[in-house]
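Q: Below are the sequence and a predicted model for it; my questions follow.
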Amino acid sequence: MFEGLQIALSGIRAGQVGMDTAANNVANATTPGYTRQRADLGTMPPWQRNFGEIGMGVDVLAVNRLREGHLDTRVRSTGATASYTTARASMLQQAEELSGEPGNGIQQALLGLFDSFDELALDPADPAIRDAVVRALDSLAGTVRATAAGWTTLADEATQQIDLSLTEANQLLANLDELNRAISTSSTPLNAAMDERDLLIDQLSQIVGVTTEPQADGTVHVLLDGQRIVQTPAVPSVRTLSYDPTTGVTVSSPATQVSAGGEVGGLHLAATSDLPSLRAKLDRFALDLRDAVNAVNAAGSAADDPGGASWTDGGPPLLAATGADDIALAAGIDGFDIATAGLGNHALHDATNAQRFGTLRDQDPPGLGSPPLASRLRTLVIGMGDATKIAAAAASTHNGLHSGAVSAREAAHGVNLDEEMVSLLQHQRGLEAASRAMTALDEALDVLINRTGIVGR
């Protein structure tokens, strides 16, 4: 009988733990990173009697998280790729916006220059038209410089963002190590600590793209490009991350270069490959523009003064540049430095060479070969636009895959209120039944103890 009381008591305790666990799940249904839990029950060792075994009730083995590692792996992998492609697409979109294309960028300024050349061919003697050509040249050069400066600043901002992201990543690594130590030294599972640790790993994966190695003691090793960066309780247990635009991400102690994924990887690719590639193409265009304009001006005669009293065969360079960031009007250039007349034909109204300026619109520039300047610039702009569209499409695709992975994990790990209500009722009924069994045993014992032997008195 007394064993029966103990058996009933074990059922009551199991019901209490089950109800408490379900109630905790309901309370944390909207808590970020929370993993639903279940009370794992098992039979107690039986009592061996001469007629056989008698069960001794139920035991609460543990309260475990319902976590599936392969879903975590999928979420972190897709999250790292989504962050990588999103960061790169954002950089390219900003580069395109800084260029002002289409509509207000270099192409528009180049068309303005071509239009001023056409006006000059119609009336080369007009000082106002000559000054308009100079202003158009200056405007185009300024637009090229502004675009180059914007892309340089954007690359610097990407580097700064990488430094900030790695600072955050290093703090996450330190926090992960602390949680690993707490988990490894605990005699029972620390579900809340494990939830917090998994949430930190999710965040870390989106920043740099990491993988994990679960350990038997409940801890995890965190790896970046094959290098263990959290390995509790090894020494050092945490290896910090740093960045240099030339070498990329480095893991400390010992210093090892790694290929980072996630946001940092996307920013690094944009800062060290995409933006420099655009700058190189813009530098090439700036030099082609300089050489083409200066070559045409050198093929004609320029008046040394507004009255055209003296002339120079072979006009001076109109543009100076070593690249896109410093292209500008040559020093001292004004409207009458434009060589509109043919060589040896010293007349303000001669438009022989002014017409050659007009051919730059749709003909190969002298000495540079095919294609025309406008086509060279169009290739740059279209290439930039195509790269931006492709990057944006990749980001959209991978963000969709990541959302699907998150949804699948939430379905497995998250709290389903309907299921928890069922669990609450099941444990409630079990507790009530165990309580009723204890009441029946108590009443029987009361009769045996207090009333046995009084019959017939």
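A: Structure's in. What do you need?
Q: From now on I want contacts and neighbour counts done on CA atoms only, so please keep to that.
A: OK.
Q: what's the spacing between whichever strand or helix holds Ser205 and its chain's center?
A: Taking DSSP states H and E as the criterion, Ser205 maps to helix 191-208. Remark: helix 191-208 is offset 17 Å from the chain centroid, using Cα atoms, centre = their mean, to the nearest Å.
Q: So what touches that helix?
A: 33-35, 64-65, 75-77, 79-84, 165-166, 169, 172, 176, 179-180, 182-183, 210-211, 224, 260-265 (Cα atoms under 8 Å, 6 or more residues apart in numbering).
Q: Give me the buried entries from the residues you listed.
A: Those of these that meet the buried threshold are 33-35, 64-65, 75-77, 79-84, 165-166, 169, 172, 176, 179-180, 183, 210-211, 224, 260-265, by 16 or more other Cα atoms under 10 Å.
Q: what about Thr143, how many neighbours?
A: Neighbour count for Thr143, taken as other Cα atoms under 10 Å: 24.
Q: Look up the closest residue to it, ignoring the ones flanking it.
A: Distances taken as Cα to Cα, 6 or more residues apart in numbering put Ile106 closest to Thr143, at 5.9 Å, once the chain neighbours are dropped.
Q: so Ala62 makes contact with Leu41?
A: Yes - using Cα atoms under 8 Å, Ala62 is in contact with Leu41, at 7.5 Å.
Q: which residues in the stretch 151-300 of the chain form helices?
A: Using DSSP state H, counting those that start in this stretch, the helices of the stretch 151-300 of the chain run over residues 191-208, 262-269, 275-298.
Q: Relative to Arg145, which of the ones you listed is closest?
A: Evaluated with Cα to Cα, the helices of the stretch 151-300 of the chain place helix 275-298 nearest to Arg145, the distance being 9.2 Å.
Q: What mean pLDDT does that closest one get?
A: Average pLDDT, helix 275-298: 95.
Q: Quick one: name whatever helix or strand follows that helix.
A: With elements assigned by DSSP H and E, the helix or strand that comes after helix 275-298 is strand 300-303.
Q: Partner strands of that next one, with direction?
A: As defined by DSSP bridges, the strand partners of strand 300-303 come to strand 311-313 (antiparallel), strand 341-342 (antiparallel).
Q: what's Thr35 sitting at in phi/psi?
A: Note on Thr35: backbone dihedrals following degrees, to the nearest 10 are phi -110, psi 130.
Q: Report pLDDT for it.
A: For Thr35, the pLDDT comes out at 91.
Q: Contacts only, for it.
A: Arg65, Leu66, Arg67, Asp195, His413, Gly414, Val415.
Q: Mind checking which of these land in helices?
A: Among the contacts of Thr35, the residues falling in helices (DSSP state H) are Asp195, His413.
Q: Using ChimeraX, make a named selection holding only the buried ones among the contacts of Thr35.
A: Buried residues within the contacts of Thr35, by 16+ other Cα under 10 Å, are selected in ChimeraX with:
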select :65,67,195,413,414,415
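Q: JSON lines for the contacts of Thr35, including distance to Asp364 and pLDDT?
A: Listed next are the contacts of Thr35 as JSON lines, based on distance: Cα to Cα, whole Å; pLDDT from 0 to 100:
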{"residue": "Arg65", "distance to Asp364": "71", "pLDDT": "90"}
{"residue": "Leu66", "distance to Asp364": "69", "pLDDT": "90"}
{"residue": "Arg67", "distance to Asp364": "66", "pLDDT": "88"}
{"residue": "Asp195", "distance to Asp364": "65", "pLDDT": "93"}
{"residue": "His413", "distance to Asp364": "65", "pLDDT": "88"}
{"residue": "Gly414", "distance to Asp364": "65", "pLDDT": "89"}
{"residue": "Val415", "distance to Asp364": "68", "pLDDT": "91"}
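Q: confidence score at Val455?
A: Value for Val455, per-residue pLDDT: 57.
Q: My error: substitute Thr340 in the last question.
A: 91.
Q: Surely it is in contact with Gly300?
A: Yes - between Thr340 and Gly300 there is a contact under Cα under 8 Å: 6.2 Å.
Q: Give me the common contacts of these two.
A: Here Thr340 and Gly300 have Thr352, Asn353 as joint contacts, going by Cα under 8 Å, 6+ apart.
Q: Just name the closest of the contacts of Thr35 to Gly150, please.
A: Gly150 lies nearest to Asp195 out of the contacts of Thr35, by Cα to Cα, at 42.9 Å.
Q: Distance of the closest one relative to Thr188?
A: 15 Å (Cα to Cα, to the nearest Å).
Q: do Gln257 as well
A: Distance from Gln257 to Thr188, by Cα to Cα: 38 Å.
Q: These two: who's more crowded?
A: With neighbours defined as other Cα under 10 Å, Gln257 and Thr188 compare such that Gln257 has more, 17 against 10.
Q: For the closest residue to the more buried one other than its chain neighbours, the count of nearby residues, please.
A: Once flanking residues are discounted, Gln257 sits nearest to Thr250: 4.4 Å by Cα to Cα, 6+ apart. If you count neighbours by other Cα under 10 Å, Thr250 ends up with 19.
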